[in-house]
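Novice: Task: produce atomic coordinates for the following.
(one chain, ligands or ions: 1)
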Amino acid sequence: MSSIKVGFLGPKGTFSNKAALLANPDAAHISLPTLSAVVEAVESRQVNFGLLPIENSTNGSVIPAYDLLKYNRGIAVLDEILVPVHHCIIGHSLDNVSRLLSHPQAFGQCTGWIKNNLPGVTSVPVNSTSHAAEMASKDQTGTTLAISSQLCADTYNYNILVKDVEDDPNNCTRFLLLASRVVNEVSIMSEFTREKKAFLQFTLSHPKKLNHIFRMLLQEDVIFTNLVTRPSSHNPWTYVYFIECVGLSLTMLLRIESICDEFTVMGNYENKTTRVV
Ligand SMILES: O=C(O)C(=O)Cc1ccccc1
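Specialist: Okay, here's the model as predicted:
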């Protein structure tokens, strides 16, 4: 058994489990009940790494994931893992369906199939796609379906009624590989390069400072790959900014830090999503 522990949103068979297998197939994979539990397990070093779904190519940003990273000084991001996501319908029958269960992210990726095949059926969000499949498979009334993965069905021998119900066949979720900041903070900065993707989190005393930051970034021909804001939770209409970009030098990063209120380099990792040339 590997001494490396990787936490993921379980039970086994979730897309987070697929991301953990891609990130470190030989590690001990630790199933956790919620995304918050994954982040807490990484922060407390109960696990060496954790997987956090941060963005989907159909749905966009996973907002609850950003809220778990907000003001979090215990987490570093070491890598991004892209997982193709193909959804299956698991259950007993497509007739007399009363409920459709899945992780909230899944519903938004399968809107067309749901509308065409389960009009009027209640979509019920649960903690994960595998938890949904477990509930649907155990429902004795046979009126509950789940959106889940082939891996989950194979793992538990669940019955697949329909495959590939996602709206976009290229549907893909980007996961962040999390680690303890205590362990990795020095190496993130010592190994920082502008060729890699920089993930920054910061707040500003005045929104006009964002103009200064954009102006500095444009000077370096930086390529933005993602920009997300979340409420600061201090004053209405003030924000925590999350920026991912490629081409940022350490010198410019330190200049940006100097004009921010709170500033954290979440990570600096190989860019796997955006054409930069
Ligand atoms: O519930 C899962 O399988 C997860 O890992 C969260 C999720 C759900 C849908 C797409 C990507 C990740």
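
Novice: Need the nearest residue in space to Leu250, chain neighbours excluded.
Specialist: Phe192 (5.1 Å; CB to CB, 6 or more residues apart in numbering). Every residue, glycine included, has its C-beta placed from N, CA and C.

Novice: So that neighbour sits against Asn268, correct?
Specialist: Yes. Contact criterion CB atoms under 8 Å: Phe192 and Asn268 qualify, at 4.8 Å.

Novice: So these two - more neighbours on which side?
Specialist: Shown here are Phe192 and Asn268; by other CB atoms under 10 Å, Asn268 has more neighbours (24 against 16).

Novice: Now do the same contact list for the more buried one.
Specialist: Shown in contact with Asn268 (CB atoms under 8 Å, 6 or more residues apart in numbering): Ile188, Glu191, Phe192, Thr193, Lys196, Lys197, Ala198, Phe199.

Novice: possible to save those as CSV with secondary structure?
Specialist: Formatted as CSV, the contacts of Asn268 follow (DSSP: H, G, I helix; E, B strand; the rest coil):
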residue, secondary structure
Ile188, helix
Glu191, coil
Phe192, coil
Thr193, coil
Lys196, coil
Lys197, strand
Ala198, strand
Phe199, strand
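
Novice: For Asp221, state which of these is nearest.
Specialist: Of all these, the one with the least separation from Asp221 (CB to CB) is Ala198, at 13.9 Å.

Novice: Can you tell me which residues in the protein are near the ligand?
Specialist: Leu9, Thr14, Phe15, Ser16, Pro53, Val85, His103, Gln105, Ala106, Ser128, Thr129, Thr173 (CB under 6 Å from any ligand atom).

Novice: try 8 Å this time
Specialist: Residues of the chain lying close to the ligand by CB under 8 Å from any ligand atom are 8-9, 13-19, 35, 51, 53, 56, 62, 83, 85, 87, 102-106, 109, 127-132, 148-149, 152, 173, 175.
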